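Visitor: I would like the atomic coordinates for the input below:
(one chain, ligands or ions: 1)
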Amino acid sequence: MSSCDQKPTNSEKNYWPKAGVTYEIFVQSFYDSDGDGIGDLNGVTEKLDYVSELGANAIWFMPIMPSPSYHKYDVTDYKAIHPDYGTMDDFKRLLDEAHQRDIKIIIDLIINHSSSEHPWFKESKKGRDNPYRDYYVWAQKDTIADFIEKKVITLDSDNITQWHDPGFGEDYYYGFFIGGMPDLNFDNPKLRQEIYDIGRFWLEEVGVDGFRLDAAKHIYPDDRAADNHEFWKDFRAEMTKIKPDVYLVGEVYDKKEVVAPFLPGLPALFNFDFHYTLIESLNKQDGMLLVNKEKGVLDYYNSITPDFIDATISSNHDQPRLLNELNADSEKYKQAIAILMSMPGAPYIYYGEEIGMLGLKPDEQIREPFLWDVQSKDKGRATWIKPVYSTDKTVTPLALQKEDPSSYFNHYKDIIHLRNSSPALAIGALELPNETFPKPIMAYQRNSENQELFILHNIGDSAIEIDLPKGFENSYYQLGDVVLSGGKVSLGKNSSIFLEK
Ligand SMILES: [Ca+2]
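Guide: From the prediction side, this is the model:
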């Protein structure tokens, strides 16, 4: 049987925030509505129906505030829109249009550091008596001499210089990532109030649904982990006063033991382990690697609080494009999204993954312009950067994929809508099978009150025949070469079957 054979499904539900799908957009590269080469907010508004068509329930915008850099992770004005992207009125219109379509909007909030061009920092570096001095972290050169170039490289930063010379010699400032991103000083109550007021502004005056909190682990240095956890609890309490159902998702780039203590302050946290283990599992053809890892993460988080959102990702703006990670194997790639969408959590999809965009570091090249149509007809394609990996030669533009039932786009769309219409896939518990399967078989159950599914993926490169699990004889969804007969199922290379009780 060929791909995408599925039976009619229940009606769709919006499972956001606990288990809905969020689409990550880099505005700069998404849709350019005014022809200046840079994607913009009005472009996103034009494409909201596309986001709905894909089946996403929310959008996360990478930074949209004024900043001197193309990626905008160094902010110069926390209460404005970058002029390249449009105006505050454009953004409010986008919010209104999104909410009419039942799409939530969360924005990147970068409060660990500002830009060194921020007016606060320009004041702060003027001298020890400046009223903004303590908005940042300063130290006398002698006291930190041993630490200036002793930072350890971490998963989220390869910078080794954490103290920076502003050019006056005596005092150095702390900047975890780079000198252009001085860390804000959260020991200063005045700075904290400024940050809470920025949150209030976006929630109350503008109307966003929540924030993605960048670099949440670095508010205080690593040796002050407890202060980090406490800060986010305070932040959550302050934001909840303004908007009781505020959505907060944190970036804590680390293993589960380091991530989990942030849960009381940041109820949703990105599951970076999921991303790495998904790729490792597929490349090693070791099916249970991901299942066991994910079960371990969920059990661990549950032991801390049952009130958490597992923000799973198959890739994001900091990772090589997933198709590159899977050696451009299109069957593996399709299976990866079927795994993401059939696992627990609230999955995030990075823009362009649904059309199989390509990209490797440096970062600019994993953030290339979306291909809406063939270049000669593509009115909205951004041109601010020359694409190296995602060109008409290497990626089939969306307009053509829409016409092809076997395209990446139609696969993404089908599997996302299947998840939205299946309580077991969306909110069912993850259960490990009692049976033992050959190593390339990834097997797990998803059980909700009204639906029980047994999920089987053959992540190997040759066909495997296995007995159907007891009680699960009905096919709910199939991907790739699957043959069901006589109580057995034969799963071809990178094929999957979801069985229903
Ligand atoms: Ca534009």
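Visitor: hey, let's count contacts and neighbours off CA atoms from now on
Guide: Will do.
Visitor: helix, strand, or coil at the residue in the stretch 101-250 of the chain that the ion sits nearest to?
Guide: Going by Cα to the ion, the ion is nearest to residue 107 of the stretch 101-250 of the chain, at 19.1 Å. Using DSSP: H, G, I helix; E, B strand; the rest coil, the three-state assignment for residue 107 comes out as strand.
Visitor: now do the contacts for it.
Guide: 60, 61, 62, 63, 64, 208, 210, 211, 212 (Cα atoms under 8 Å, 6 or more residues apart in numbering).
Visitor: worst-scoring helix or strand of this protein, pLDDT-wise?
Guide: Least confident helix or strand, the chain: strand 5-6 with a mean of 47, by mean pLDDT, DSSP states H and E.
Visitor: what stretches of this protein score poorly on pLDDT?
Guide: Applying pLDDT under 70 to the chain flags residues 1-10, 148-160.
Visitor: recalculate using a threshold of 80.
Guide: 1-10, 145-161, 169 (pLDDT under 80).
Visitor: so which residue is dead centre in it?
Guide: Among the residues of the chain, the one closest to the centroid is residue 348, at 4.6 Å (Cα atoms, centre = their mean).
Visitor: what's stretch 278-298 in contact with?
Guide: 256, 274, 277, 310, 314, 325-326, 332, 336, 430-432, 439-444, 457-460.
Visitor: so which of these also contact the ion?
Guide: For the ion, no contacts are drawn from the contacts of stretch 278-298 by Cα under 5 Å from the ion.
Visitor: out of those, which sit inside helices?
Guide: Secondary structure assignment by DSSP state H places 256, 274, 277, 325, 332, 336 of those in helices.
Visitor: residue 36: neighbour count?
Guide: 13 (other Cα atoms under 10 Å).
Visitor: closest point of the stretch 301-450 of the chain to the ion, which residue?
Guide: Counting by Cα to the ion, the stretch 301-450 of the chain gets nearest to the ion through residue 382 (7.6 Å).
Visitor: contacting residues for that residue?
Guide: 28, 29, 30, 31, 32, 37, 38, 39, 369, 370.
Visitor: residue 198 is in contact with residue 78, correct?
Guide: Yes - using Cα atoms under 8 Å, residue 78 is in contact with residue 198, at 6.6 Å.
Visitor: in terms of neighbours, single out the busier of these two.
Guide: Per other Cα under 10 Å, whichever of residue 78 and residue 198 has more neighbours is residue 78, with 22 against 16.
Visitor: give me the phi and psi angles of the more buried one.
Guide: Phi and psi for residue 78, reported as degrees, to the nearest 10, are phi -80, psi 0.
Visitor: check the one 10 residues further on too.
Guide: Torsion angles at residue 88 (phi, psi; degrees, to the nearest 10) stand at phi -60, psi -40.
Visitor: now it: closest residue in space that isn't a chain neighbour?
Guide: In space, residue 88 comes closest to residue 81 once its chain neighbours are excluded; the distance is 5.9 Å by Cα to Cα, 6 or more residues apart in numbering.
Visitor: so residue 478 sits in a strand?
Guide: Yes - with three-state DSSP as the criterion, residue 478 is located in a strand.
Visitor: burial of it, as a residue count?
Guide: Per other Cα under 10 Å, the neighbour tally for residue 478 reads 25.
Visitor: ok so, going back, okay, the ones in helices among the contacts of stretch 278-298 in JSON lines with distance to residue 121 and neighbour count next?
Guide: Listed next are the ones in helices among the contacts of stretch 278-298 as JSON lines, based on distance: Cα to Cα, whole Å; neighbours: other Cα atoms under 10 Å:
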{"residue": "256", "distance to residue 121": "34", "neighbour count": "17"}
{"residue": "274", "distance to residue 121": "37", "neighbour count": "22"}
{"residue": "277", "distance to residue 121": "40", "neighbour count": "17"}
{"residue": "325", "distance to residue 121": "39", "neighbour count": "20"}
{"residue": "332", "distance to residue 121": "47", "neighbour count": "22"}
{"residue": "336", "distance to residue 121": "44", "neighbour count": "22"}
